[in-house]
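Asker: structure, please.
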Amino acid sequence: MDRRTFINSSSLSVLGLLSGVSQFSLAQTASKIKNVGQSGPFIIVFLRGGADGLGILSPLDEPSFIAARPPQMRFEPTTTIVKKGAMTWYWHPAAASLAQLMESKRLVPWHAVGITNETRSHFEAQEIMERGVDSLQMIPDAYGMISRIASQNGMKNSEFLYAGSNNLPRAMQGNLPAMAVKDLQNGVPFPGGVDQLKILEKLVMADKNHPASSSIQLTLENLNKIQYSLMGNEKKVKPYESAGQTPYPNNDPGIGLRSVARLIQSKIGLQYAWVDQGGWDMHEGEPNRMPNALGQLSQGLLAFDQDMQAQNKKYTLVVLTEFGRRFRSNQSNGTDHGHGGLSFVMGSQIPSSQMMGNWPGLNEADLDRGVDLAVTTPYQEVINQALQWGRIV
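Answerer: Residues are numbered from 1 along each chain as shown. I've put the predicted structure just below:
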């Protein structure tokens, strides 16, 4: 195989790992999300499937909630509560780490968050959020939300977007360098390792006139930089060790957050990251499934925060989900697709407020379509507020 054929056949596989091809137009205007200079990385953890926010932070004393969900869909009131006005919410027992973060003023919960669009489709709702818009009929450009925010702030050639997930999210769509590798415990899992990277780099340099040559070259430079930064002086990649007391769980989103922490520690200039956690589409058996998913989320977030605190690293993190679940449970001890959901903002510069947003109420007249928690805060406002809290001061 000659070098031109090799480059042609290699382009898609390499750029699938770290994409920098200029195939989309530049961002034109922000869609309600306005970036400001950040004092540390901005990270989104996305709960795919539609997390039941009312099951995570529950108004257990609310008569309407008691009537809507049978005893097996509720839990005994915990001592970790959130109050706003006359309302009281209780953290699920599996969310003890989230309650700990809130009490230490590192996390703020935000109820009734979501998209203003009425869709209950996972695909459509996730696409709307990841594109940073209100509707798929009103997309201002070809960028994803994170790519748009990064482009407004002016990314350097040496910087890239990172997804600690198996796939690059639509939020990072665009012509900015982006990489999706969930687990960096053994470095960048590139076929053939560092030696193969060097060979491919030489082939690209030998055919600079190829249309994809410059993009692949930048891709390879970033891969080399990441790999060598993870190797350090040892000339080999060692498993990452957290500086915090709580270990990262070896599941989602802990694995992705550990990889984000590793890149932050390596000081390669990471500014934007995305981590997925699936398994939140709980149409049945929610009382048995919620503790597992929520416990993994809680421990992963606590581990990340303790790690960053121990290293004196600033960051801002937003937890989002495409929509909440139905107010009333179904006959399978689950919840169907709803509307208003629960979000968290956490980080090193979070104010002491215990609850953000406007609680719409659970009386039938207050519910969206008479069945769902209403959306009183568009998700873009949560992101804007998080960006403001994380700004350079």
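Asker: where exactly do the helices run in this structure?
Answerer: Assigned helices in the chain, in chain order: 3-17, 53-56, 63-68, 96-103, 122-131, 145-153, 193-206, 213-231, 254-265, 286-310, 379-389 (criterion: DSSP state H).
Asker: for Gly295, grab the count of nearby residues.
Answerer: 18 (other C-beta atoms under 10 Å). Where you see a C-beta, it was placed from the backbone N, CA and C, and this is true even at glycine.
Asker: would you confirm that it contacts Pro93?
Answerer: No: Gly295 is beyond contact range of Pro93, at 9.1 Å (criterion: C-beta atoms under 8 Å).
Asker: got the CA positions of stretch 141-150 in CSV?
Answerer: Extracted in CSV, the C-alpha atoms of stretch 141-150 (Å, rounded to 0.1, in the frame of the first residue of the first chain):
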residue,chain,number,x,y,z
ASP,A,141,-25.2,26.9,13.0
ALA,A,142,-23.7,23.5,12.6
TYR,A,143,-22.1,23.5,16.0
GLY,A,144,-22.9,21.4,19.1
MET,A,145,-23.4,23.3,22.4
ILE,A,146,-19.8,22.7,23.8
SER,A,147,-18.2,23.5,20.4
ARG,A,148,-20.2,26.7,20.2
ILE,A,149,-19.2,27.8,23.7
ALA,A,150,-15.5,26.9,23.0
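Asker: from the chain's centroid, how far away is it?
Answerer: With C-alpha atoms, centre = their mean, to the nearest Å as the basis, stretch 141-150 stands 15 Å off its chain's centre.
Asker: and if you look at stretch 346-359?
Answerer: With C-alpha atoms, centre = their mean, you get 18 Å for stretch 346-359.
Asker: so which bits of it are buried?
Answerer: Buried residues in stretch 346-359, counted by 16 or more other C-beta atoms under 10 Å: 346-350, 355-357, 359.
Asker: quick one: the residues you listed as JSON lines, columns for distance to Ile115 too.
Answerer: Formatted as JSON lines, these follow (distance: C-beta to C-beta, whole Å):
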{"residue": "Met346", "distance to Ile115": "22"}
{"residue": "Gly347", "distance to Ile115": "23"}
{"residue": "Ser348", "distance to Ile115": "28"}
{"residue": "Gln349", "distance to Ile115": "27"}
{"residue": "Ile350", "distance to Ile115": "24"}
{"residue": "Met355", "distance to Ile115": "21"}
{"residue": "Met356", "distance to Ile115": "17"}
{"residue": "Gly357", "distance to Ile115": "15"}
{"residue": "Trp359", "distance to Ile115": "18"}
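Asker: farthest pair in these?
Answerer: Ser348 and Trp359 (27.2 Å; C-beta to C-beta).
Asker: Asp305: which of the buried residues of stretch 346-359 is nearest?
Answerer: Nearest member of the buried residues of stretch 346-359 to Asp305, counting by C-beta to C-beta, is Met346, at 6.6 Å.
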